[in-house]
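Peer 1: What follows is a protein structure lacking sequence information:
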């Protein structure tokens, strides 16, 4: 066995082995238990003991493993969890067997025994594990096997079988006479099925059949019989061998025996002793025998150091297989039994011969195709398939059939990553790797990064495979290789003649994988990829577009222009124009310039002001309809240059506008009349200039053209007096439809006059109404006070009556004021304090102390024999505040008492 086994046994020695359906357990003299797969690779290791491991046992599910050792301990480990149990018995333990249903049952039963001579039956109770002694007193327990409910063990006296389900001992089979002592040559027990127990001891083989004693009554029901009579044991086969039995196992309806052959010169008696280590032992043999001891096959094993080993140094274990042992030696495909022979330094795997031997023979004779056909027919195991494939590929390589060899690799190498890698590097060494690249797997198996990188570099260095490189980079998942080594191999080719578009695109893909988005963008721009704009937005590469303006415009100007305008803070209009101008030989850059500058002007009229002179010419070349609006909107172009361009291209209306802006209105008018012949436009142009001389020029130039004179008469109403034009018309000049035009002029003039009179009347009425409203609003007042003044006012509610009781002869207060009070009271002329003040301010800009105003007002009222004025606290808000009513008289009537008025304004009004 290969894998990890040779390494493990270099510094240790194997002592025992156990085989489950999914794994192998190997015990060593150092006390370790190694869990291996069937190839020999180590999966897990348990450092369970401090002395040699004597025996290992799996449960039927292969989830738990038990081991015992000379250190007196029994250890049970879970293979898939951290569960571990250890039991100390303080004497070397030689055998252990787990309950086949150990993983399924909570009782966690096992049996074990050793040199103490006790066979312990351990069961987990609710208070803990408990040992029950099933047997003792007949010497050490050498081996124990558990099948279903039957437990078989061997001690110095012989073999006993116990029924765990019925808690009874079934039988005792005596130790063969003349057999070596068990400590020199161990007995071997193996359950061939649920009822057959095979015993190999010394040179004796016995097969015991255990059957149920089914005693039935006459009516078909079972009789009640004692438990001791429920099972019977029969010895169905027995024979003697000429060799020592180091192991035994079932082989269909036959047996496999591991035979130990001592040296001939020893002259030893098999019945008495065991050969010592004299270096004269022969190779151990695997013999297939019938139950009658007829030999069917014999094979000597190539075991290292066999000369020095004794019979007890070997052991035999077989892998579980489905089906009955009485299957005529036939097994279903995949169910062939495997046998493991263990020596201190070797583990040998044995299996029945089959058609794979035929395949090996074909390979030995060089018939590779026939061997491959046999393998494809499912006649060989996976290891042989690899061997056939490797030899066949070697044959094709020698024949220089590289393409055929590459096409067969997926079928021959299958899921072996190491095989794939070996052949990848072999093809690379032969410089034929490009033919293998299309067949290389990217998963199941996934190879090392180096294999994929070497393959990509091989494609990159050959221009004929650049397209294959591109397709490979697109199809392979980026996670399986590093892009940087491939990039390093491609970059030196960028400035050479071997560069191709496919290589550039592949390099761009690799840049994206490596996160170098700006370099990838530069290559995509050179390759004119239409999806480059999505790439820019996805990776936020707006800074990178500064050097690729021309390429972006060539790819899609409709998407490039908004992008450039949106990010003109990163790439200025000067940069865009300079790059487009520099690429003039490659394409029609002027059209792209026109589109860019036009969009830029619409976005921001001042952003491209340095290029408005250029833009005038571009409009003249590509979009004359937009030239005049541009000339009207822009203030940053040179009038002389613009006029020259318009003259060259005979753009008349644009000439008129430019001449008007240049101040040469007469020349502009001449262009309109003489070249455009549009009198209405001429009138509109003259009206915008506000120049009387220009009107005269217009009239002079129209006098010689009767039709223009008629149009001039129609459209000058509101600008010129029609009589002035009529007086200037030469006598005898025939003007078409003159009468109708004169009638229209007079009618329009009357209508205009009527509208003006109506507008003046409306304006006058509005002015009067607004003045009246302003006067009324100006007579309103606002009462200003603080909270303390208001509280004081409430305490002095009799203030108004005190004013009313004053005699009519009281001297009237002489009003002395200025036109505007400023910040002083208009009665007492004292300045207003900031606090503790009560003020009444009118919208006429006069203000009074409340007491001063009320004293003056009541004095005037008494002289006029009117009711006294209420105090501010007794007046309602609208009687002195800035209300919205339009009629003060109505308000005075509704309140029932005179309102508080500004004394100065009232006196002036009176």
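Peer 2: That came through, no problem. It should be emphasised that the depicted structure is a prediction, and the values quoted were computed from it without experimental measurement.

Peer 1: Show residues contacting stretch 629-649.
Peer 2: Residues outside stretch 629-649 that contact it (Cβ atoms under 8 Å, 6 or more residues apart in numbering) are 601, 605-606, 609-610, 612-613, 615-617, 619-620, 624, 627, 651, 654-655, 657-659, 661-662. Where C-beta positions appear, they are placed from N, C-alpha and C, glycine not excepted.

Peer 1: how about a cut-off of 6 Å?
Peer 2: Applying Cβ atoms under 6 Å, 6 or more residues apart in numbering, the contact partners of stretch 629-649 are 605, 609, 612-613, 616-617, 619-620, 654-655, 657-658, 661-662.

Peer 1: Tell me which of these fall in helices.
Peer 2: 612, 613, 616, 617, 619, 620, 654, 655, 657, 658, 661, 662 (DSSP state H).

Peer 1: With adjacent residues omitted, what lies nearest to the fourth one?
Peer 2: Meaning residue 617. Leaving aside its sequence neighbours, residue 617 sits nearest to residue 645 (Cβ to Cβ, 6 or more residues apart in numbering; 5.3 Å).

Peer 1: element containing that neighbour, please.
Peer 2: Assigned by DSSP states H and E, residue 645 belongs to helix 639-648.

Peer 1: just residue 316 next, same as before
Peer 2: Following DSSP H and E, the helix or strand that holds residue 316 is strand 315-318.

Peer 1: can you give me the mean pLDDT across that strand?
Peer 2: The pLDDT scores in strand 315-318 average 88.

Peer 1: elements contacting it?
Peer 2: Applying 3 or more Cβ pairs under 6 Å, 6 or more residues apart in numbering; DSSP states H and E, we find strand 315-318 packed against strand 14-19, strand 244-251, strand 339-343.

Peer 1: what's the first one packed up against?
Peer 2: I take that to be strand 14-19. Packed next to strand 14-19, using 3+ Cβ pairs under 6 Å, 6+ apart, are strand 24-28, strand 53-58, strand 315-318, strand 339-343.

Peer 1: Show me what the mean pLDDT comes to for it.
Peer 2: For strand 14-19, the per-residue pLDDT averages 91.

Peer 1: Please apply the same query to the second one.
Peer 2: On average, the pLDDT along strand 244-251 is 90.

Peer 1: Could you check it and say which residues are buried?
Peer 2: Using 16 or more other Cβ atoms under 10 Å as the test for burial, strand 244-251 gives 244, 245, 246, 247, 248, 249, 250, 251.

Peer 1: Tabulate these (CSV), appending distance to residue 472.
Peer 2: Output for those, formatted as CSV (distance: Cβ to Cβ, whole Å):
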residue, distance to residue 472
244, 63
245, 61
246, 57
247, 55
248, 58
249, 53
250, 54
251, 52
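
Peer 1: tell me which of those is nearest to residue 47?
Peer 2: Of all these, residue 47 sits closest to residue 247, with 26.6 Å by Cβ to Cβ.

Peer 1: Nearest residue to the closest one in space, ignoring adjacent ones along the chain?
Peer 2: Leaving aside its sequence neighbours, residue 247 sits nearest to residue 316 (Cβ to Cβ, 6+ apart; 2.4 Å).

Peer 1: Quick one: the helices and strands packed on strand 14-19 as TSV, columns for mean neighbour count and distance to residue 407 too.
Peer 2: As requested, the helices and strands packed on strand 14-19 are exported to TSV (neighbours: other Cβ atoms under 10 Å; distance: least, Cβ to Cβ, whole Å):
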stretch	mean neighbour count	distance to residue 407
strand 24-28	26	38
strand 53-58	26	45
strand 315-318	21	41
strand 339-343	22	39
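
Peer 1: ok so, going back, please report the distance of the residue nearest to residue 617 from residue 616.
Peer 2: As judged by Cβ to Cβ, to the nearest Å, residue 645 and residue 616 stand 6 Å apart.

Peer 1: Could you check which of these two is surrounded by more residues?
Peer 2: For residue 645 versus residue 616, neighbours defined as other Cβ atoms under 10 Å are more numerous around residue 616 (25 against 22).

Peer 1: Please name the nearest non-neighbouring residue to the more buried one.
Peer 2: Once flanking residues are discounted, residue 616 sits nearest to residue 642: 4.6 Å by Cβ to Cβ, 6+ apart.
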